[in-house]
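Student: Next input, structure requested:
(chains A, B, C and D)
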There are 4 protein chains.
Amino acid sequence: MIIVMSKSATDADVKAVVERLKSIGCEAHVSVGQYRTVIGAVGDRETIRQLPWEAMPGVERAVPVMKPFKFVSRDFQPEDTVIEVRGVTIGGGTFTTIAGPCAVESRDQLFRTAEAVKRAGASILRGDAFKPRTSPYSFQGLGEKGLEILAEAREEFDLPFVAEVLDPRDVELVSSYADIIRIGTRNMANFTLLTEVGRQPKPVMLKRGFTATIEEWLNAAEYVYKEGNQQIILAERGIRTFETASRNTLDITAVPLLKSMSHLPVLVDPSHAGGKRELVAPLARAAVAAGADAIMVDVHPTPDTALVDGAQALLPSEFVEMMESIRAIAEALGISI
Amino acid sequence: MIIVMSKSATDADVKAVVERLKSIGCEAHVSVGQYRTVIGAVGDRETIRQLPWEAMPGVERAVPVMKPFKFVSRDFQPEDTVIEVRGVTIGGGTFTTIAGPCAVESRDQLFRTAEAVKRAGASILRGDAFKPRTSPYSFQGLGEKGLEILAEAREEFDLPFVAEVLDPRDVELVSSYADIIRIGTRNMANFTLLTEVGRQPKPVMLKRGFTATIEEWLNAAEYVYKEGNQQIILAERGIRTFETASRNTLDITAVPLLKSMSHLPVLVDPSHAGGKRELVAPLARAAVAAGADAIMVDVHPTPDTALVDGAQALLPSEFVEMMESIRAIAEALGISI
Amino acid sequence: MIIVMSKSATDADVKAVVERLKSIGCEAHVSVGQYRTVIGAVGDRETIRQLPWEAMPGVERAVPVMKPFKFVSRDFQPEDTVIEVRGVTIGGGTFTTIAGPCAVESRDQLFRTAEAVKRAGASILRGDAFKPRTSPYSFQGLGEKGLEILAEAREEFDLPFVAEVLDPRDVELVSSYADIIRIGTRNMANFTLLTEVGRQPKPVMLKRGFTATIEEWLNAAEYVYKEGNQQIILAERGIRTFETASRNTLDITAVPLLKSMSHLPVLVDPSHAGGKRELVAPLARAAVAAGADAIMVDVHPTPDTALVDGAQALLPSEFVEMMESIRAIAEALGISI
Amino acid sequence: MIIVMSKSATDADVKAVVERLKSIGCEAHVSVGQYRTVIGAVGDRETIRQLPWEAMPGVERAVPVMKPFKFVSRDFQPEDTVIEVRGVTIGGGTFTTIAGPCAVESRDQLFRTAEAVKRAGASILRGDAFKPRTSPYSFQGLGEKGLEILAEAREEFDLPFVAEVLDPRDVELVSSYADIIRIGTRNMANFTLLTEVGRQPKPVMLKRGFTATIEEWLNAAEYVYKEGNQQIILAERGIRTFETASRNTLDITAVPLLKSMSHLPVLVDPSHAGGKRELVAPLARAAVAAGADAIMVDVHPTPDTALVDGAQALLPSEFVEMMESIRAIAEALGISI
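Tutor: Numbers count the residues shown, from 1 in each chain, chains lettered A, B, ... in the order given. Okay, the predicted model is just below:
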């Protein structure tokens, strides 16, 4: 921690900060400049971080030197985390495609989609049974019935599946069906839910809050990790900005940033990022080119009757086309797919 | 709903939209312009809103005419909602001050604060027993013990209190102690939690998600309202913007906007908005001047030892001073305090 | 400057930074922590700031301790700057109201407005002759003819006036007519224009770029100041955020922040911030309550025929009402108006 | 234009809007819904757009159906605009790389860079003689001397060059040297400058304002186009968001959006977007994969002595490596480079 004193700080103010650092077993390195005195605090980072330095008299600001997360950082584990579900790998130099409808609406809808995406090369199925909806009057998902249909589709098409959980009381249920549990964007900072999914054994896909910084996102991953679950996939799905021409702004820069800051695999969701069908393939191509480990894509056999997010779902035929260009880029870059 | 067709839309595309509207019992008003055809959909708004119009061929975009919320709007209820807790009123032309520490740390800390804020004119106490923290390594609150201390302070100082709930499984517990239950900024779109607090009898203070639009916020209030709980306080506490000189950007404009869009009382939290002690009083003054019904202010007897958010807590003496200027403005504007 | 080395920085990397600091006549204070080494650079701030520290091997980031502006800071001049134009004062504990139409459309329109705002208590007139418009097909202002009409109104109603300049080639012209020259939000970082207005003698009203940080804004003021013009008014007019319910988000927090960071007077423009007539009075009240030195308000005799920004213009009668509440708050807070 | 009346609008309010539309030669299509009346305005779009509909009594909001720009839209010109400078093509299915130092610092620095980027496959040189700097104390460029050096390098290495202009009074000068004139991000809405570059004959590279929407950006392009200059390159360089881990947030979604909305070529600047050397190659790869027509990359022989933006400049050897992966992706997607 670097503690910057204000111009008007007195010697007593500086001394008080130094004494306080010593009282918690830390060293204080004082640099006196022409306009400001700066104190470098050296010692246990959690101890230092917890104290309200900016509330002390004469302190202008306190600048953390270390990030607040630990286990999920590359500093802690230099090698990539590689996740395996039923023989499918995510991370570690491969490229994986997850596809399916946003929400499970019926057995027929899911099976038609699963068959199509499997044939086109997807290796994991998506489909939600619980949907968080901005309006209380929108379709909220089929619940456990949806999970049963997903489990059936898994057997039929040999596709492990990922499904979202919204409520800490449903974690056990969703975990008993799904191969990967997803935390949605609105729940990224739902620390109660993060703690619960950290205690169950299935890998966790952690979507970025649409207004979360990368640092906050990695803090959320730390919540899961410190409960004992180390199998976490970071899923970028677009952030909220002033631009309204697309549903969200895909933060493609997050991909290389995360790959250098963390050992966890990074996925891109081009469907929720763009929010429009015609944007999905270009964004998916950008994802593989920027170094993502996986993508997750909405596909629906009849988007214009979809109960959720129809405007962004690809038709199966469009998905086939997208997969061809993804494969071409991966091969050109020497990534196994 | 207004459905704008793209320039390249065919007559068949227009016809398909019109037919679909008719099939759900709605009228379609078609306006053919030089460059675009526009279809006005008239009928039940929920039925129209649920369908994925933008996924239909030839549709450029669909513009909703009505807001998605209903019960919380002024259209639905023209008179102000007024909330009463143990004789204290929020809304309806009065101005109410809530104050106390961000988190309950000990009986001594809470009692010293409660006594001070009561004497200075606060009529409700704040203090949390459960804290959502960005880092898993930060202090997470005293839990039920904190609620017990708050309940004791209520008796001692005749101050009803507000406390946050984080977990749907704790709603019953917090509701059994607190006079007002608070949903924090990170949980504004936690629909599971919204539904639970909507089913218990205590008034709900709903903080704005720091990246939620006003429309999303009112949708969240609608979740609570439609479960049967109509006593909702909307609490503006700053939004996330590009500006980092303050912790958040207080959206003071939200105050008059909400007063015209909704009948619910509007509170401003100047402490979490500014994040720095010296900003609290000016922002509190702005709140009363802009027409807010209440403010909620962090006060701590020794901010430089606070376990949470010390930098933004007022000293009791600073709180006294702030209250004087608040009172002066309220009187000047004819608001009873 | 604080230079934070990366975890993988070598001793040679640290040494290279230290040597470079010495080579430019600065001291280097090295703190070795468990995970990171931090180097405090002490010496001439401009010399240090100019070098690309983050491009040196092993450097993770460089954190400036000092702000990049100097003359406009409170550190440099503790007393308030007070500006006088034709007997009207801005800054130094008074409250000043500027009002008038967004654009000068005709002699009649301007004179009707000027008479009304004068009578209601405004002491400076606004009205633009050059308008920057997002669309090239919108009304661009009357040009010099507009300035002539403004000058006539000044004589008729004894109201000094402020007008915008867009083009460095027009600075001399506008300066020869107007009492205060305004730099609009889109030109806040137009350094060419800033330099030109810094060289002419009239006070400069510098609007905040709608996406500029407070630090960037003060840097822009520094451009004007260092050319010799010390009479600068900082005008907050709302920033761009994700919220679209108001035209912009008024950053009311900027008022107390600026008053502590800078000695320059601070004005709020509630009309451009809110963008809707009914928001103007509440935002103006918030401005005076938060400590602004002045407001600038759009008034138009017939807003529904206005060529620019009619939706946000107050009718003269609404302006009268607003002035009453502004006066009441100012009096309650002991501010002379 | 769609005019949505408020719930409380009277029949007289509706009639007034209808009458006003008729008075300007337009048709009004009135749809009466249960809660709102909606009026579709059909007629000349510029005439309709100019009037302050939202200032009329009873009007809740006015929703434009058409975009405000015309000439730069795909609607107006379905075929791609292709730009040629000294035999180098931008747009129309090819991929072009522009590279060089951010600022020209000396003949030696520029020549070393030009030689290196030419050898690695760049076909246009970048380098600025006039630099807009946030702080008035930063290096502002070599001025005309810089342009002379660029012109020499053009001859020596057979590389046309692009350079920025800041001041309308310098347009003639820069245009007399450079092959492409650049409008920087801070000047995107400097309408004076846009008009001047629209009147000179060299192609214009128009950087997106870092807080401009895509619609505002296309409006800025329209300013240039309507003066007669149709050779415009749109350059995405990152937007300002809440995320601070990268310098800006590259809006990669803007690439496919622009390709569908406009016929102008689209360039990505991965250097200014990311702001860090290690992000440049991944973002450049994302650009070509997402469908950009060109990239522009900062390269410097010794970034740690660069006078501007050293932290984001690639070393020549890093540029060579980046070009290899760009070429591989372009080939995989069938794009000629």
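Student: ok, residues contacting stretch A:215-231?
Tutor: A:67-73, A:81, A:83, A:183, A:188-189, A:191, A:194-195, A:197-204, A:206, A:208-209, A:212, A:232, A:234, A:258, A:261-262, A:264, B:134-136, D:245 (CB atoms under 8 Å, 6 or more residues apart in numbering or on different chains). Using the backbone N, CA and C atoms, a C-beta is placed for each residue, glycine as well.
Student: mind listing what's buried in that stretch?
Tutor: Neighbour-count burial for stretch A:215-231, with 16 or more other CB atoms under 10 Å in any protein chain shown as criterion, is recorded at A:215-227, A:229-231.
Student: next one: stretch A:151-164
Tutor: For stretch A:151-164, the buried set under the neighbour-count rule, 16+ other CB under 10 Å, comprises A:Ala151, A:Ala153, A:Arg154, A:Phe157, A:Leu159, A:Pro160, A:Phe161, A:Val162, A:Ala163, A:Glu164.
Student: So which bits of the stretch 101-250 of chain A are right by chain D?
Tutor: A:211, A:213-215, A:239, A:241-246, A:249-250 (CB under 8 Å from any CB of the partner chain).
Student: Make a PyMOL selection of the buried ones in the residues you listed.
Tutor: Selection of the buried residues among these in PyMOL, burial being defined by 16+ other CB under 10 Å:
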select buried, chain A and resi 211+213+214+215+239+241+242+243+245+246+249+250
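Student: Among the residues of the stretch 101-250 of chain A next to chain D, which pair sits farthest apart?
Tutor: A:Glu215 and A:Ala245 (27.4 Å; CB to CB).
Student: ok and the residue in the stretch 1-150 of chain A nearest chain D?
Tutor: Closest residue of the stretch 1-150 of chain A to chain D, CB to the nearest CB: A:Lys67 (10.5 Å).
Student: A:Met296: which element?
Tutor: strand A:294-298 (DSSP states H and E).
Student: Is any residue of that strand near chain B?
Tutor: No: using CB under 8 Å from any CB, strand A:294-298 stays clear of chain B, with a minimum separation of 11.0 Å.
Student: What's the local residue count around A:Pro201?
Tutor: 9 (other CB atoms under 10 Å in any protein chain shown).
Student: got it, and A:Ala28?
Tutor: 19.
Student: and it, that's in a strand?
Tutor: Yes: A:Ala28: assigned to a strand according to DSSP: H, G, I helix; E, B strand; the rest coil.
Student: which ones are touching the closest residue to A:Ala284 other than its chain neighbours?
Tutor: In space, and not counting its chain neighbours, A:Ala284 is closest to A:Pro270: 4.5 Å by CB to CB, 6 or more residues apart in numbering or on different chains. Neighbouring residues of A:Pro270 by CB under 8 Å, 6+ apart: A:Leu250, A:Leu279, A:Val280, A:Ala281, A:Leu283, A:Ala284, A:Ala286, A:Ala287, A:Ile295, A:Val297.
Student: State the phi and psi torsions of A:Pro270.
Tutor: Per-residue torsions, A:Pro270: phi -70, psi -20 (degrees, to the nearest 10).
Student: With the one 5 residues further on instead?
Tutor: Here is the backbone geometry of A:Gly275 (degrees, to the nearest 10): phi 80, psi 0.
Student: out of everything not next to it in sequence, what's closest to it?
Tutor: A:Arg247 (2.4 Å).
Student: Hmm, that neighbour is touching A:Arg277, no?
Tutor: No: between A:Arg247 and A:Arg277 there is no contact under CB atoms under 8 Å: 11.5 Å.
Student: re the thing from before, tell me the mean pLDDT for the strand holding A:Met296?
Tutor: Averaged over strand A:294-298, pLDDT sits at 98.
Student: Tell me which residues are up against the next helix-or-strand element following it.
Tutor: Next helix or strand after strand A:294-298 toward the C-terminus (DSSP H and E): helix A:316-332. Where contact means CB under 8 Å, 6+ apart, the residues beyond helix A:316-332 that reach it are A:95, A:97, A:99, A:113, A:116-117, A:120-122, A:277, A:280-281, A:284-285, A:288-289, A:295, A:297, A:299, A:301, A:314, A:336-337, D:289, D:328-329, D:331-333.
Student: Only the buried members of those residues: can you turn that into a PyMOL selection?
Tutor: Buried residues among these (16+ other CB under 10 Å), as a PyMOL selection:
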select buried, (chain A and resi 95+97+99+113+116+117+120+121+122+277+280+281+284+285+288+289+295+297+299+301+314) or (chain D and resi 289+328+329+332+333)
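Student: Need the residues of the stretch 101-250 of chain A next to chain D in TSV (columns: pLDDT and secondary structure).
Tutor: Shown next, in TSV, are these (pLDDT from 0 to 100; DSSP: H, G, I helix; E, B strand; the rest coil):
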residue	pLDDT	secondary structure
A:Thr211	90	coil
A:Thr213	96	coil
A:Ile214	97	helix
A:Glu215	95	helix
A:Ile239	96	strand
A:Thr241	94	coil
A:Phe242	92	coil
A:Glu243	92	coil
A:Thr244	89	coil
A:Ala245	90	coil
A:Ser246	91	coil
A:Thr249	97	strand
A:Leu250	98	coil
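Student: Which of the residues of the stretch 101-250 of chain A next to chain D lies at the shortest distance from chain B?
Tutor: A:Thr211 (3.2 Å).
Student: Now do the nearest residue to that closest one once chain neighbours are set aside against A:Asn187, distance only.
Tutor: Spatial nearest neighbour of A:Thr211, excluding adjacent residues (CB to CB, 6+ apart): B:Thr211 at 3.2 Å. Going from B:Thr211 to A:Asn187 by CB to CB, to the nearest Å gives 14 Å.
Student: And A:Ser31, by the same measure?
Tutor: From A:Ser31 over to A:Asn187 (counting by CB to CB), the distance is 43 Å.
Student: One more: A:Ile337?
Tutor: Distance from A:Ile337 to A:Asn187, by CB to CB: 30 Å.
Student: do A:Arg237 as well
Tutor: 13 Å.
Student: repeat for A:Gly91
Tutor: Distance from A:Gly91 to A:Asn187, by CB to CB: 23 Å.
Student: quick one, helices of the stretch 151-300 of chain A?
Tutor: A:171-177, A:191-198, A:214-226, A:254-261, A:270-274, A:277-290 (DSSP state H, counting those that start in this stretch).
Student: any shared contact partners between A:Arg247 and A:Arg277?
Tutor: By CB under 8 Å, 6+ apart, the residues touching both A:Arg247 and A:Arg277 are A:Gln312.
Student: May I ask you to confirm that A:Asp170 is in contact with A:Phe130?
Tutor: Yes: under the criterion of CB under 8 Å, A:Asp170 makes contact with A:Phe130 at 6.7 Å.
Student: ok, these two, which is more surrounded?
Tutor: Neighbour tally, A:Asp170 and A:Phe130, criterion other CB under 10 Å: the higher count belongs to A:Phe130, 24 against 20.
Student: Pull the contacting residues for the more buried one.
Tutor: A:Gln140, A:Gly141, A:Gly143, A:Gly146, A:Ala163, A:Glu164, A:Val165, A:Leu166, A:Asp167, A:Asp170, A:Val174.
Student: what's the helix or strand for it?
Tutor: Going by DSSP H and E, A:Phe130 is not in any helix or strand.
Student: per-residue pLDDT, it?
Tutor: Looking at A:Phe130, the pLDDT reads 93.
Student: quick one: it and B:Glu54, what's the gap?
Tutor: 24 Å.
Student: what packs against the lowest-mean-pLDDT helix or strand in chain A?
Tutor: The weakest-scoring helix or strand in chain A, judged by mean pLDDT, DSSP states H and E, is helix A:45-50 (a mean of 82). For helix A:45-50, not one helix or strand is in contact under the criterion 3 or more CB pairs under 8 Å, 6 or more residues apart in numbering or on different chains; DSSP states H and E.
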